[in-house]
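1. Build me a model from this:
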Amino acid sequence: MGSLSLWIGLSHGLCNLLLPEREGVVPVISSLLASSPRERERASKFDRSSIQLLSEKKKKTKKKNREPKCCPLYQKGVCLLKFGPILFSPNTSGELSSYQHTKYHKQTKNQWARDDPAFIVICCLLLAVSTLAYCAAYDHSVSHAVFVIIAVLVFHFLLVGVVLATCCWFLTNNYLREEAPNSHVVEQRVEWLYAFDVHCNSFFPMFVMLYVIHYFLSPLLVAHGFIPVLLSNLIFMVAVSYYHYLNFLGYDVLPFLERTTFFLYPIGIFIILSPILILGGFNPTRYFMNMYFSQRL
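-> Residues are numbered from 1 along each chain as shown. Below is the predicted model of the structure:
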């Protein structure tokens, strides 16, 4: 009897190793090898537990294989794809919307803000490269060029972004939130990280206009005359207005905020100021170039 039990155990182990996917083979072989009713009952219980373990293992393996494998390169590629909708389709509905990903974050991770800093890192790299190009064209000192690059990254992008995000975060949570209809509704608030994400999204089109397009047009814009003054003011007005428009879209997508058109008011201010600056002969390109770079224009 002992040798028969040992033989049943060995046959069961070999079948599990050789035929892991054929769950019905092990009970048949074990039942054929077991001669007495007691042995058959013991083999049947053992086989049922083995079949259950194998089926659970198969389910876990299939679930693990279905899960997407995200590598850092994949995440950077997805992040780069977000720059296009911000520039060309910020207000469209569907998956191409620049703020459609915020709804996905809320549904999947219960937060409005991005949890991946790749967007900010790429913006900083692009900003550093463009500032380096300006320094190569309009600066003569390496140490001063390094200072300008650090100042643009820290002051123009990060520090100004922190201040603006904090102001918008405070304003939306204290004055623009809808009142809950009853006490049973979960109170929602704007996250500070989401406010900074909105600043980063809004900054990118302004970066394209004032650091890329402006760079190639700078030989014309720094010249004297009415045409350079007109073009320079128009580029700055469009860039700043587009920044505030995207800022409005970022908060308008949140369902618990109201009166978000408040973020469009600065556009009207810049539209009114631009003709005054043009008639006054103020050239913002020459002003900022002389302020940041050693070469006087």
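2. any idea where the helices of the stretch 151-297 of the chain begin and end?
-> Along the stretch 151-297 of the chain, the stretches classed as helices by DSSP state H, counting those that start in this stretch are 160-175, 192-207, 214-221, 226-252, 265-279, 284-292.
3. What residues does the closest residue to Leu164 other than its chain neighbours make contact with?
-> Counting by CB to CB, 6 or more residues apart in numbering, Leu164 lies nearest to His199, which is 5.5 Å off, once chain neighbours are set aside. In this view, the C-beta of every residue, glycine as well, is placed from N, C-alpha and C. Each residue near His199 by CB atoms under 8 Å, 6 or more residues apart in numbering is listed here: Gly161, Leu164, Ala165, Cys168, Asn247.
4. Hmm, Tyr251 and the fourth one touching each other?
-> Think Cys168. Yes: in this structure, Cys168 sits in contact with Tyr251. The criterion is CB atoms under 8 Å, and the distance is 7.1 Å.
5. Need the residues touching each of those two.
-> Once CB under 8 Å, 6+ apart is applied, the residues that Cys168 and Tyr251 both contact turn out to be Val190, Val198, Phe263.
6. In PyMOL, how would I select the buried members of the residues you listed?
-> Selecting only the buried entries of those in PyMOL, with 16 or more other CB atoms under 10 Å as the criterion:
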select buried, resi 190+198+263
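7. how about CSV for the shared contacts of Cys168 and Tyr251, with pLDDT and distance to Leu257 added?
-> Converted to CSV, the shared contacts of Cys168 and Tyr251 look like this (pLDDT from 0 to 100; distance: CB to CB, whole Å):
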residue, pLDDT, distance to Leu257
Val190, 88, 7
Val198, 90, 12
Phe263, 94, 10
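8. Would you map the strands across the stretch 51-200 of the chain?
-> Along the stretch 51-200 of the chain, no stretch is classed among the strands by DSSP state E, counting those that start in this stretch.
9. Any stretches of it with poor pLDDT?
-> Scanning the stretch 51-200 of the chain with the threshold set as pLDDT under 70 gives 51-110, 112-113, 180-186.
10. that older thread, among the shared contacts of Cys168 and Tyr251, which one lies nearest to Val146?
-> Checking those against Val146 by CB to CB gives Val198 as the nearest, at 30.2 Å.
11. and the gap between Ala223 and Ala128?
-> Distance, Ala223 to Ala128, using CB to CB, to the nearest Å: 28 Å.
12. likewise Gly268?
-> Counting by CB to CB, the gap between Gly268 and Ala128 amounts to 33 Å.
13. okay, these two: which has more neighbours?
-> In this comparison of Gly268 against Ala128, neighbours counted by other CB atoms under 10 Å, the higher total goes to Ala128 at 15 against 11.
14. so who does the more buried one touch?
-> Residues near Ala128 by CB under 8 Å, 6+ apart: Ile149, Val152, Leu153.
15. so what's the first one closest to, chain neighbours aside?
-> Nearest in space to Ile149, with sequence neighbours left out and distances taken as CB to CB, 6+ apart, is Thr131 at 4.8 Å.
16. Isn't the one you found up against Ile150?
-> No: when contacts are counted by CB under 8 Å, Thr131 is not listed as touching Ile150 (9.3 Å).
17. Most neighbours of all the contacts of Ala128, which one?
-> Using other CB under 10 Å as the neighbour definition, the contacts of Ala128 reach their maximum at Val152, which records 21 neighbours.
18. Looking at Thr131 and Ile150, which one has more neighbours?
-> With other CB under 10 Å as the criterion, Thr131 and Ile150 differ in neighbour count, and Thr131 comes out ahead with 22 against 12.
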